[in-house]
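Q: Sharing a model prediction with you, sequence too.
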4 protein chains.
Amino acid sequence: MPAFGSDNMAGVSPQILAALAACNDGPARSYGADEVSARLERRFAELFERDVSVLLVSTGTAANTLCLAAATPPWGAVLCHPLSHIENDECGAPEFFTGGAKLVPVDGPLAKIDPEALRRKAREGKGDVHAVQPACVSITQATELGTLYTPDEVAALGAVCREAGLLLHMDGSRFANAVAALRVSPAQMSWKAGVDLLSFGATKNGAMGVEAVLCFDPKRAQELAFRRKRGGHLTSKMRFLAAQMEAYLADDLWLANARHANAMAARLAQGLASLEGVEVQPGAEANILFCKLPDGLATALLEAGFYFYADRWAPSVVRLVTSFATTTAEVDLFVAAAQRFVRSPAA
Amino acid sequence: MPAFGSDNMAGVSPQILAALAACNDGPARSYGADEVSARLERRFAELFERDVSVLLVSTGTAANTLCLAAATPPWGAVLCHPLSHIENDECGAPEFFTGGAKLVPVDGPLAKIDPEALRRKAREGKGDVHAVQPACVSITQATELGTLYTPDEVAALGAVCREAGLLLHMDGSRFANAVAALRVSPAQMSWKAGVDLLSFGATKNGAMGVEAVLCFDPKRAQELAFRRKRGGHLTSKMRFLAAQMEAYLADDLWLANARHANAMAARLAQGLASLEGVEVQPGAEANILFCKLPDGLATALLEAGFYFYADRWAPSVVRLVTSFATTTAEVDLFVAAAQRFVRSPAA
Amino acid sequence: MPAFGSDNMAGVSPQILAALAACNDGPARSYGADEVSARLERRFAELFERDVSVLLVSTGTAANTLCLAAATPPWGAVLCHPLSHIENDECGAPEFFTGGAKLVPVDGPLAKIDPEALRRKAREGKGDVHAVQPACVSITQATELGTLYTPDEVAALGAVCREAGLLLHMDGSRFANAVAALRVSPAQMSWKAGVDLLSFGATKNGAMGVEAVLCFDPKRAQELAFRRKRGGHLTSKMRFLAAQMEAYLADDLWLANARHANAMAARLAQGLASLEGVEVQPGAEANILFCKLPDGLATALLEAGFYFYADRWAPSVVRLVTSFATTTAEVDLFVAAAQRFVRSPAA
Amino acid sequence: MPAFGSDNMAGVSPQILAALAACNDGPARSYGADEVSARLERRFAELFERDVSVLLVSTGTAANTLCLAAATPPWGAVLCHPLSHIENDECGAPEFFTGGAKLVPVDGPLAKIDPEALRRKAREGKGDVHAVQPACVSITQATELGTLYTPDEVAALGAVCREAGLLLHMDGSRFANAVAALRVSPAQMSWKAGVDLLSFGATKNGAMGVEAVLCFDPKRAQELAFRRKRGGHLTSKMRFLAAQMEAYLADDLWLANARHANAMAARLAQGLASLEGVEVQPGAEANILFCKLPDGLATALLEAGFYFYADRWAPSVVRLVTSFATTTAEVDLFVAAAQRFVRSPAA
């Protein structure tokens, strides 16, 4: 039955599974001293059009919290959107990795931080020993609502950061979906817009379990390596993480997967928007969709075996997430089921 | 060229690779709510002959430090052997995960903690607010020298722990090698001998990257789950960790792999012991071997392309580690090369 | 010139200074094993009508953060008012001492947590491994706005805590002011209303630098002692902290001081309320007063040499704090100066 | 009865008590913005012959751990003597304040770190991500055995530190005793010999409870201020800490007190050394004395009411500590009592 619960419910792209098998060929140096890891570092430099330090880890939590820890002293503040994943869904992992820094919410419409609100917050308590010190801004791309920051919007935040002496981190667990939707280059979407540290996600978009910490600030690279080890995130058989990421980037699989996921979300939005009583949230351009459904529809769809989250936001609001593995048939099945209910809810 | 650097230089058992492909079949609940994970919990209960809480993580560092954190308050002491991995090779990960507990060395021959020394240390500073409080004992099985604790030896330490109110953790990154060598049951080697928390390793013995935290103390299980999440070790596509572990346990692959690795180490020991000037360290029964080589031999072998660690212990002492993937041909090649050198070192 | 900036700008009660001299009489056991400390523990038991564990520390930050650390695991949440001192003015000390727990705001009028809002928050994320776990509620008495929780209001929060399995901490840096204003017993104001841990302040009310952590939950007492030491808050010459506290409690000095401070605030409120254009914030019953002043008055008073904080809240809003040392002459001088300005602002 | 347990059993110098009374004169700015604090900063600059950042705290634990935290990242190692106070008597406070750094012992005779041993340890694991990174060396002056580093000996360690890129911290809880004994200037004993951070103790030598963190590295000063606040060590009524320290430095009271304590220890050593069967530990020049006593003598003296520690080192070894408050009469009483026992132990 179709699952729209999260893109992490999908399996693994066949090309990535094949790469695991392909690199299982005799012994290799451990902890990242292998040849695949070396190739991958060059590949990232090419993709991002500059030297970049690459650390692979197996979860998005690890990628984000390592970045935040490198960017924020224990007495620092991480400025982030109140809807951000790091604020709501990490069981305090950022606080753990930073040694007790504080996440400070900065609001803005559509899950995006407002630059003016950021400018105000970035000055708050600066130099006052009683206050945590703004040190870092973290934005999510694509956001938790499936909306996107344009490169210009990122650059506006980046400018505030530079002005206030803050680092800019991008939680890119869905970076591919954003780049694919906006048709921009990875460089434009990151360091050229002022991003210092990027969590470059792959797991939600077809990998088995690998994310890259990309650090554009050479001064932080060594620190990140020690923090990764201390966090238990230095994998011994690293070649199998590197092989996943290499296959993910090869032949633009990452963009193809993301484009497909985005297209499935658009198809779902279009299908649902045509139904009476369904309100599709505006602004979503990636692979996440929020909808307000008529009374009873969410329950009916769940009972029919569709899987998605329905009980976490406003009443009757559901979140639908598509992935590289979502099929048009699955989308159409879902829309058809919704349509049947809307037409005759009593059934 | 043969690699005896570490068992983590080996690749993945074909059965485990196959299991990854086999479970890549449509969507699944994430974060461990999948069917493979559910089956695995039952499998571990069967294997250990009792209920046990199972948490999968992707590295041994994570498994060990989560156990230590659940067993030790920040003001506590972890009593461990001075040669232990957690003391020497984790860049302070135990200190990070415990919130700053202290590792306190307790010595003993052959990398094994001496029970009498432990009894003394377990009392030191008890109740004194100026002293860290002994809270937990951590032993490595097989040890860092490739030696083994018999179940009776573990039970003797377990008795000291219960007497002093300490928990007993076993770093079992090579648990399979120990169980295979001693021909005992997993239960005998763990909770029946007083072990409260076991890091059940698989990565070094044929998995790609998975370890199980087995917790025999139900009171700590929930805490471990929160700590795992905070540490960034709750994998989203958990089924792929579970599938590795399931295949590892199926048809006793784990024991077969370990027996093979142990046999290769024995063959290596036997071959080298016959050479003049080579001193093979006594007591090693698993898959790690330390040898004192005649002057120049280590360098000659490294230059010939063999891979192993030579520069970390006493002069001319080398460590050789075999794995499930080591072949008799590789062992024999190594011994023959050493033999050639010993016979005519000038060559 | 009169200082209304904070009650911590005042000096020390003569009786407390005298007690320091009186106990400077030959050697004494250090770290709290002295006779004054022993007497003090009995005195607190008497005052609070039950056994209670007493730990002295020299700052309110230390008292509060030790309580929070004992009540909240690293993956826990401390529920507190958005205006609370621990949330705004401690540079992340609660996060440091708890090992990275999260402070979660729960709102309510007049700086007091609303019980219904608390009931909702106390359930949020319970048992969900992605969410920090509500573990403790912290309330300030008197609040940061100078308002008070009645014993019934505390009890209502205490009931929610017990229902949800949370501990209740009271930041009583101005506990004396609250008890004096409400004419209740210390017991009624604390453990009888469900408080598990009380920061019993003395510094702001006439001591030189001493606060007591009072722990009504015997299970946490030993942990607090170790945490105090680790935090660097176990004073060696403890008798000089104990002597301050003993003198503070003797002959109800603590209540006399607090009554005086409260009376001075009331006199100030009355004087200012009579002036045209001055809005005195309602509800304040202790020694803190917020007022909205006519344009220009705050600046005029500051320029005239009065000391108070004016620039931290809404425009033209000032905070005035009185202490045991504030005199009626000082209050009257301030009111008269304000009156002159109001009558002829051009002057 | 005379107490030789520790110099922290003594009370407070009369001049220091008087200074507390003298500064209790009307309101003052809190948190160190008062006039006494400002004067004190200038006084320290004069005393140390250079600009220096000064942070007052109320305990030696706080002073030391703040220094270590500023000098050592969480993945760092603090190299210290195995007998050092920070390693043995702080319940893990250094680990807490540094965020989990590791204390690594470096041995040497008479409780002093051997420069060659330090040179070796300073290189160990450098750059290896599996190893904690040597970041800081901490020495105690006077040492825990009452011995002293000469300025040349400190400079030798300082040279190793600079060579290896480590910072040098001096735990000077008995800095006065060392300076007085060696007749050197504070500057010679600290920054001129390569010390970057100095815990300048006063409590053990006549203050009530104040220590100064002196930071000769301007880059660390701001960080220290935030760490102090987070640690709960920013006292609100700071003038009373500053006043203690000001009186301590005035008219060289600190040196006079230290000279007296040292002289009492010398007198005690001389008296005891003349007794048959008593072995006075060589090398002690400050106010701490270790002696091996004839069987039964320690017990007899304790039963006679003298106070000192006897059960923590080798059998029959006792530690005797003198202070500014120790009198010649007390010393002579002790020696006489020992003499009586030695002459007729059966009595």
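A: That came in fine, so what should we check first? Residues are numbered from 1 along each chain as shown, chains lettered A, B, ... in the order given.

Q: From now on I want contacts and neighbour counts done on CA atoms only, so please keep to that.
A: Noted.

Q: gap between the two ends of stretch A:67-86?
A: Start-to-end span of stretch A:67-86 (Cα to Cα, to the nearest Å) is 12 Å.

Q: what sits against the closest residue to chain B within the stretch 1-150 of chain A?
A: Closest residue of the stretch 1-150 of chain A to chain B, Cα to the nearest Cα: A:A93 (4.1 Å). For A:A93, the contacting residues are A:T61, A:T65, A:I86, B:K229, B:R230, B:G231, B:G232, by Cα atoms under 8 Å, 6 or more residues apart in numbering or on different chains.

Q: which ones are touching the second one?
A: This means A:T65. A:A93, A:P94, A:F97, A:T98, B:G232.

Q: what's the distance between it and chain D?
A: 15 Å (Cα to the nearest Cα, to the nearest Å).

Q: Which segments of chain A make up each domain?
A: According to automatic domain parsing, chain A is divided into the following domains: A:14-251, A:254-343.

Q: Out of the contacts of A:A93, name the ones that lie in strands.
A: Per DSSP state E, strands hold no members of the contacts of A:A93.

Q: Need the max-distance pair from those residues.
A: For the contacts of A:A93, the maximum inter-member distance is 13.1 Å, found between A:I86 and B:G231 (Cα to Cα).

Q: Look at the residue in the stretch 1-150 of chain A that chain D sits nearest to and say how many residues are nearby.
A: Residue nearest to chain D within the stretch 1-150 of chain A (Cα to the nearest Cα): A:V129, separated by 5.5 Å. A:V129: 22 surrounding residues under other Cα atoms under 10 Å in any protein chain shown.

Q: do the same with A:V184
A: A:V184 has 13 neighbours, counted by other Cα under 10 Å.

Q: How about A:D251?
A: Using other Cα under 10 Å, A:D251 has 10 neighbouring residues.

Q: same thing with A:E46?
A: Look at A:E46: counted by other Cα under 10 Å, it has 12 neighbours.

Q: One more: A:E124?
A: For A:E124, the count of nearby residues is 14 (other Cα under 10 Å).

Q: What parts of the stretch 101-250 of chain A come near chain D?
A: Contact residues, the stretch 101-250 of chain A versus chain D (Cα under 8 Å from any Cα of the partner chain): A:V129, A:H130, A:A225, A:F226, A:R227, A:K229, A:R230.

Q: From chain C, how far out is the closest residue to the last one other than its chain neighbours?
A: Distance criterion Cα to Cα, 6 or more residues apart in numbering or on different chains; nearest residue to A:R230, sequence neighbours excluded, is B:A93 at 4.1 Å. Distance, B:A93 to chain C, using Cα to the nearest Cα: 15 Å.

Q: just A:K219 next, same as before
A: 25 Å.

Q: Now do the same for that residue: helix, strand or coil?
A: Assigned with DSSP: H, G, I helix; E, B strand; the rest coil, A:K219 falls in the helix class.

Q: so how many other residues sit close to it?
A: 10.

Q: ok, now which ones touch the closest residue to A:T328 other than its chain neighbours?
A: In this structure, A:T328 finds its nearest non-sequential neighbour in A:M264, 6.7 Å apart by Cα to Cα, 6+ apart. When contacts are counted by Cα under 8 Å, 6+ apart, A:M264 touches A:N287, A:T322, A:S323, A:T326, A:T327, A:T328, A:V331.

Q: Which parts of chain A are helices?
A: With DSSP state H as the criterion, chain A has helices at A:14-22, A:35-48, A:60-71, A:85-88, A:93-98, A:115-123, A:151-164, A:175-182, A:186-189, A:221-230, A:239-249, A:253-273, A:297-303, A:328-343.

Q: Report the backbone C-alpha coordinates of the fifth one in CSV.
A: As requested, the backbone C-alpha atoms of helix A:93-98 are provided in CSV (Å, rounded to 0.1, in the frame of the first residue of the first chain):
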residue,chain,number,x,y,z
ALA,A,93,20.7,16.3,20.0
PRO,A,94,21.9,19.8,19.1
GLU,A,95,22.1,20.6,22.8
PHE,A,96,24.1,17.4,23.4
PHE,A,97,26.6,17.9,20.6
THR,A,98,27.1,21.6,21.3
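
Q: was I right about A:V36 contacting A:M245?
A: No - under the criterion of Cα atoms under 8 Å, A:V36 makes no contact with A:M245, lying 9.6 Å away.

Q: Give me the more crowded residue out of the two.
A: A:M245 (30 against 20).

Q: excluding its backbone neighbours, what's nearest A:R259?
A: Nearest residue to A:R259, sequence neighbours excluded (Cα to Cα, 6+ apart): A:A180, at 5.7 Å.

Q: how about that neighbour, what does it touch?
A: With contacts defined as Cα under 8 Å, 6+ apart, the neighbours of A:A180 are A:L255, A:A258, A:R259.

Q: Can you tell me which of these lies closest to chain B?
A: The closest of these to chain B turns out to be A:A258 (Cα to the nearest Cα; 17.0 Å).

Q: List the contacts of A:E90.
A: A:E90 is in contact with A:T61, B:K229, B:R230, C:H130, C:A131, C:V132, counting by Cα under 8 Å, 6+ apart.

Q: let's see it at 6 Å
A: Contacts for A:E90 (Cα atoms under 6 Å, 6 or more residues apart in numbering or on different chains) come out as C:H130.

Q: got it, and A:D89?
A: With Cα under 6 Å, 6+ apart, A:D89 has these contacts: C:H130, C:A131.

Q: same question, A:V57
A: A:V210, A:E211, A:H233.

Q: Show me what it is bridged to.
A: A:E211 (DSSP bridges).

Q: how many other residues sit next to A:Y31?
A: For A:Y31, using other Cα under 10 Å, the count is 18.

Q: With adjacent residues omitted, what lies nearest to it?
A: A:Y31's closest residue in space is A:S236 (Cα to Cα, 6+ apart), at 4.6 Å.

Q: contacting residues for A:L79?
A: Going by Cα under 6 Å, 6+ apart, the list of residues near A:L79 reads A:L103, A:V104, A:P105, A:V137.

Q: let's see 10 Å
A: If a contact means Cα atoms under 10 Å, 6 or more residues apart in numbering or on different chains, then A:L79 has A:87, A:102-107, A:113, A:118, A:121-122, A:134-139, A:166, A:168 as its contacts.

Q: I'd like to know which of the contacts of A:T65 is nearest to C:Y31.
A: Closest to C:Y31, out of all of those and judged by Cα to Cα, is A:T98, at 32.6 Å.

Q: Who are the contact partners of the closest one?
A: By Cα under 10 Å, 6+ apart, the neighbours of A:T98 are A:65-78, A:227, C:100, D:99.
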